[in-house]
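Chemist: Could you look at this predicted model? Sequence included:
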Amino acid sequence: DSLAEQETRDELGIGVVRDALADLLFPGTSTIQTRARYFLFVPWTYARHERAGTPATKLAKAARRDEIALVEVLKRSDDPEGTIGREAGQTLQRLPSSIYWAGLETWGIRRMALSREQYHRAFDALLQRRALTAAEAHDGDTGASVRTWDPALPAPPDNLPEGASFALPYAEAEYLQHRILQIRPSPLLAHLVSKTSAVDATPFVWAHPEWEGFSEGHRAQVEHARLFSEGMLGAALLY
């Protein structure tokens with residue numbers, strides 16, 4: 001029975017160190033995030049339901065339906081490999097919105113500090129408060145207190161999800177770059193998206209061909225990450 005268990009244990013407590021290094025170098029990302037356009041697909045989905053006034057009681061199911069529909073379209077795109085749920089389809093348990101939700105806040109795309117479940121539950125109250133605030137302002141400005149998404153978020157394609165792909169138009173790529181550059185303190189990720197050339201897949205960040213161009217602080221962080229990675233690999237091999 002023990003061998004059948006799927007979860008892992010962190011007896012040495014290395015997960016905390018691993019996550020701290022990851023958040024320091026690449027905040028808002030994780031190893032299961034492989035396509036940047038999900039940082040736009042998710043807010044586009046929910047912003048549409050905000051405009052439509054979808055009831056809170058129906059939001060979770062409606063958003064899931066939209067995300068599953070997107071899966072089917074992305075599976076037929078030029079880059080199907082990056083599709084979350086490509087194999088699971090309708091039975092997908094972990095939706096893209098749950099995978100990217102925390103990163104959306106870290107990058108400043110999601111402005112309301114609520115978990116996805118809290119957002120679902122508070123949806124009716126949020127829309128009511130937003131409507132009241134807009135009516136009082138008389139100019140359509142809903143105010144930061146009821147703003148869910150960055151007002152500079154690019155508009156979605158008219159036919160979404162039809163025709164969706166992971167290819168980033170220039171304006172969308174520039175927007176995501178700008179959001180990363182606003183993170184403080186400035187992480188290595190900001191340097192990579194603004195001061196390095198595009199390269200093929202690199203197995204480790206310390207093997208990046210432009211490693212010498214990293215700042216002194218970033219090089220020190222990367223060296224700590226390298227030592228930690230190689231030390232843990234040695235422990236795993238010994239075990």
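Modeler: Nice, I can see it.
Chemist: Can you list the low-confidence ranges for this structure?
Modeler: Within the chain, the stretches with pLDDT under 70 are 2-3, 5-6, 135-145.
Chemist: do you know how far the residue nearest the centre of the chain is from A171?
Modeler: Geometric centre of the chain, nearest residue: Y100, 3.2 Å, by CA atoms, centre = their mean. According to CB to CB, to the nearest Å, Y100 and A171 sit 20 Å apart. (Each C-beta comes from the backbone N, C-alpha and C, glycine too.)
Chemist: Please apply the same query to A62.
Modeler: For A62 relative to A171 (CB to CB), the value is 28 Å.
Chemist: More neighbours: the two, which one.
Modeler: With neighbours defined as other CB atoms under 10 Å, A62 and A171 compare such that A62 has more, 17 against 9.
Chemist: contacting residues for that one?
Modeler: By CB atoms under 8 Å, 6 or more residues apart in numbering, the residues touching A62 are 49, 54.
Chemist: Repeat that for G108.
Modeler: 150, 179, 182-183.
Chemist: Can you tell me which of those has the most neighbours?
Modeler: Within the contacts of G108, neighbour counts (other CB under 10 Å) peak at R179, which reaches 21 neighbours.
Chemist: Let me know how buried the residue lying closest to it once chain neighbours are set aside is, in neighbour terms.
Modeler: Take R179 and drop its neighbours on the chain: the residue closest to it by CB to CB, 6 or more residues apart in numbering is W107, 4.4 Å away. Number of residues near W107 (other CB under 10 Å) recorded here: 21.
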